[in-house]
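Asks: pasting a predicted model and its sequence here:
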Amino acid sequence: MKIQTVDSKRRLILTGAHPGDAYAVRQTASGHYELAKVIPAQKPKPTPEEFDALLESAALTPKMSWEELRSLTREP
């Protein structure tokens, strides 16, 4: 049995684990823990129409044309 030690930041290194892996921890008895790897549900990719609607509704999308902006900000 391999022994691992928890560091000062309460971290434990798991063999075979990769950065970003998530585990559900359950204490089964005093001093005994059970880990279960959590696999996130796959999100469907947005359709081109949904992506276009998202870009149009974005707060940082300019609502006026470049020429209109130039006429408002430049001296005549």
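Replies: Received, thanks. Residues are numbered from 1 along each chain as shown.
Asks: how about D52, secondary structure?
Replies: helix (DSSP: H, G, I helix; E, B strand; the rest coil).
Asks: so where's this protein uncertain?
Replies: 1, 61, 76 (pLDDT under 70).
Asks: try 90
Replies: 1-6, 11-16, 20, 29-31, 33, 40, 43, 46, 51-76 (pLDDT under 90).
Asks: what does K63 show for phi and psi?
Replies: With angles defined as degrees, to the nearest 10, K63 sits at phi -100, psi 0.
Asks: does I13 really touch Q4, like I thought?
Replies: Yes. Assessed by CB atoms under 8 Å, I13 is found in contact with Q4 at 5.9 Å. Every residue, glycine included, has its C-beta placed from N, CA and C.
Asks: tell me where the protein has helices.
Replies: 48-57, 66-73 (DSSP state H).
Asks: please save the CA atoms from the longest one in PDB.
Replies: The one in question is helix 48-57. Only the C-alpha atoms of helix 48-57 are listed here, as PDB (Å, rounded to 0.1, in the frame of the first residue of the first chain):
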ATOM      1  CA  PRO A  48     -24.600  28.900 -36.100                       C
ATOM      2  CA  GLU A  49     -27.900  30.800 -35.500                       C
ATOM      3  CA  GLU A  50     -27.600  30.500 -31.700                       C
ATOM      4  CA  PHE A  51     -24.000  31.700 -32.000                       C
ATOM      5  CA  ASP A  52     -25.000  34.700 -34.100                       C
ATOM      6  CA  ALA A  53     -27.800  35.600 -31.700                       C
ATOM      7  CA  LEU A  54     -25.300  35.400 -28.800                       C
ATOM      8  CA  LEU A  55     -22.900  37.700 -30.500                       C
ATOM      9  CA  GLU A  56     -25.700  40.200 -31.300                       C
ATOM     10  CA  SER A  57     -26.900  40.300 -27.700                       C
END
